[in-house]
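J.: My questions concern the predicted model and sequence given below.
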Amino acid sequence: MKTLATVLLLGSASIALATAAHAQKATSNGTSAADSNDAKIQQLEQDIQDLNAQVQDLKRSSSDQYADLQKSQASGAKFSMKNGRPTFTDGDFSLSLRALVQFDTAYYGQGKVPAGTDFDSGSNFRRARFGFDGTAFNDWQYNFIYDFGGSGVEGSTISTAYLQYNGLAPVHFRIGAFPPSESFDDTTSASDLLFLERAQPTDVARGIAGSDGRDAFQAFAYGDSYFASVAYTGSAVGATGQFDEQQALVGRAAWRAIASDDVNLAIGSDFSYVFRLPDIAAGANSAHAFSLSERPELNVDDNSIKLINSGTIDASHVTEWGVETAGNYYNFYGQGGYYGFDIDRRALGNPTGLPDPNFNGWYAQASWVLTGEEKKYKPDTGSFGAPKPNDPFTLDKPGVGAWEIVARYSDLDLNYHAGDAGAAAPFGGIRGGDQHIISAGINWYPNQVLRFMLDFQHTDVSKLSSTGTSADARLDAISLRTQISF
């Protein structure tokens, strides 16, 4: 533009010089000099106005071209690696690649276990999840994750596959296969758990009508201080041996009573109600097989051994309920909950009138981040996440990362009117066992992608056999997890 303006000004000067020379020639021919100069000056002014108009047109054209170029660049696809996650965005669309790989190694010290029981020390990929998520047309959200990991009889399967509509925020709708919101421990991502596994009561509670890969439709709403959801659920993806799919409702509500940057306190409650259990045989009036059992908060053993088990119950309805709390005070974090499990026997399968059993469990856990980072509250899940290292460890900058020590006590009681030692159980009594677990560990977060977890568990089971003899068990385990997550 500067070059063009210079050319135009030089042109104007040339016209002026030519006009002056022409005026001198006109005077020598007898023409009035004043008249000639006035005419030429008017012509020159008109030419300059025309040139200015052309310059303004050129400026507007260049400005429009620049704006079009900027708009074109803004609307083009972009790539980023925020938090180590490859992400593509293009206007109202986005796609992020996701991965969660957890490689576990454990050693079981079997102090006292039932005859013929042998926990399998070794290694496995607890989770090896790969997939993608993103947005479409701004209001729609999608997520697909496939899990290639698992232990024992667990196999590769769909972990998450859903479509979500956000156009009526703060209310959202989700349909597909996913873990419906059930508790603080349940809605905490598997990559952010304090220990290798969730506390045993919450793991049992989420498995009744929730957990990963559960067919479901969920409506939920959240804000900075609340989270509420209700879901209709069916069976888990890949469930076999069923002739009619399970049907249930899962609900949760949480309130963030204290909310600040450094101090938070949330309280919540949840329920699961199975109103239609799956048939185990074809035809009308089929029996329904329901049971509660749990591993000792460690899933490395390929034999999937469970020291406590309620046994099979022919049930018509199952109800789970829980109350819980969680919060942080700067870099200290605490969480706990109490859960009840009520089972209604199916009348046709209970001719002798056995009573309806109930069970319970509770846990308390805490963490202290030694390097000072805090666990932040996540309103969209109504739970707390992992600490973000202030001084991450990278190849070009070997920082200390974040260090955290953790502790937990949990109790899951699957006894119902168990009776006394040395005698058979009373009528309708169930001797499923009472499992107590003390856990402690240390977690290192080098950065937001890597994590290492070292845990120790002491498991103590109080249990009576059907004849009243002791079936107690004691088990120690030490485990190490290497995790990559983005």
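T.: Okay, I see it. Quick caveat, the model's predicted, so the values are computed rather than measured.

J.: What distance do you get for the spatially most central residue of the chain to Ser121?
T.: Centroid-nearest residue in the chain, with Cα atoms, centre = their mean: Ser189, separated by 4.5 Å. As judged by Cβ to Cβ, to the nearest Å, Ser189 and Ser121 stand 28 Å apart. Glycine gets a C-beta too; all of them are placed from N, C-alpha and C.

J.: Repeat that for Arg346.
T.: On the measure of Cβ to Cβ, Arg346 and Ser121 end up 41 Å apart.

J.: can you tell me the helix or strand for Asp261?
T.: Secondary structure from DSSP states H and E places Asp261 outside every helix and strand.

J.: now for the longest strand anywhere in the chain, which elements pack on it?
T.: Longest strand of the chain, by residue count under DSSP state E: strand 93-112. In terms of contacts (3 or more Cβ pairs under 8 Å, 6 or more residues apart in numbering; DSSP states H and E), strand 93-112 is packed against strand 87-90, strand 122-136, strand 473-485.

J.: CA atoms only for it - export them in PDB, please.
T.: Extracted as PDB, the C-alpha positions of strand 93-112 are listed here (Å, rounded to 0.1, in the frame of the first residue of the first chain):
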ATOM      1  CA  PHE A  93     -16.600 -30.300  16.200                       C
ATOM      2  CA  SER A  94     -13.900 -31.900  18.200                       C
ATOM      3  CA  LEU A  95     -12.200 -35.300  18.600                       C
ATOM      4  CA  SER A  96      -9.800 -36.300  21.400                       C
ATOM      5  CA  LEU A  97      -7.900 -39.600  21.500                       C
ATOM      6  CA  ARG A  98      -8.100 -41.300  24.900                       C
ATOM      7  CA  ALA A  99      -6.100 -44.000  26.600                       C
ATOM      8  CA  LEU A 100      -5.800 -45.500  30.100                       C
ATOM      9  CA  VAL A 101      -3.300 -48.300  30.600                       C
ATOM     10  CA  GLN A 102      -2.800 -49.800  34.100                       C
ATOM     11  CA  PHE A 103      -0.200 -52.500  34.500                       C
ATOM     12  CA  ASP A 104      -0.400 -54.200  38.000                       C
ATOM     13  CA  THR A 105       2.000 -56.400  39.800                       C
ATOM     14  CA  ALA A 106       1.200 -58.100  43.200                       C
ATOM     15  CA  TYR A 107       2.500 -60.500  45.700                       C
ATOM     16  CA  TYR A 108       0.000 -62.300  48.000                       C
ATOM     17  CA  GLY A 109       1.100 -63.400  51.500                       C
ATOM     18  CA  GLN A 110      -1.400 -66.100  52.400                       C
ATOM     19  CA  GLY A 111      -1.400 -66.200  56.200                       C
ATOM     20  CA  LYS A 112      -4.600 -68.300  56.400                       C
END
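
J.: which stretches of the stretch 151-300 of the chain form strands?
T.: Counting by DSSP state E, counting those that start in this stretch, the stretch 151-300 of the chain has strands at residues 157-168, 171-177, 214-222, 226-236, 247-259, 263-276, 289-290, 293-294.

J.: Turn those strands into CSV, including mean pLDDT.
T.: Below are the strands of the stretch 151-300 of the chain laid out as CSV (pLDDT from 0 to 100):
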stretch, mean pLDDT
strand 157-168, 97
strand 171-177, 98
strand 214-222, 98
strand 226-236, 97
strand 247-259, 98
strand 263-276, 98
strand 289-290, 94
strand 293-294, 97
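
J.: can those strands go into JSON lines with extra columns for distance to Leu454 and mean neighbour count?
T.: Converted to JSON lines, the strands of the stretch 151-300 of the chain look like this (distance: least, Cβ to Cβ, whole Å; neighbours: other Cβ atoms under 10 Å):
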{"stretch": "strand 157-168", "distance to Leu454": "25", "mean neighbour count": "17"}
{"stretch": "strand 171-177", "distance to Leu454": "33", "mean neighbour count": "18"}
{"stretch": "strand 214-222", "distance to Leu454": "31", "mean neighbour count": "20"}
{"stretch": "strand 226-236", "distance to Leu454": "31", "mean neighbour count": "20"}
{"stretch": "strand 247-259", "distance to Leu454": "30", "mean neighbour count": "19"}
{"stretch": "strand 263-276", "distance to Leu454": "27", "mean neighbour count": "19"}
{"stretch": "strand 289-290", "distance to Leu454": "36", "mean neighbour count": "20"}
{"stretch": "strand 293-294", "distance to Leu454": "23", "mean neighbour count": "21"}
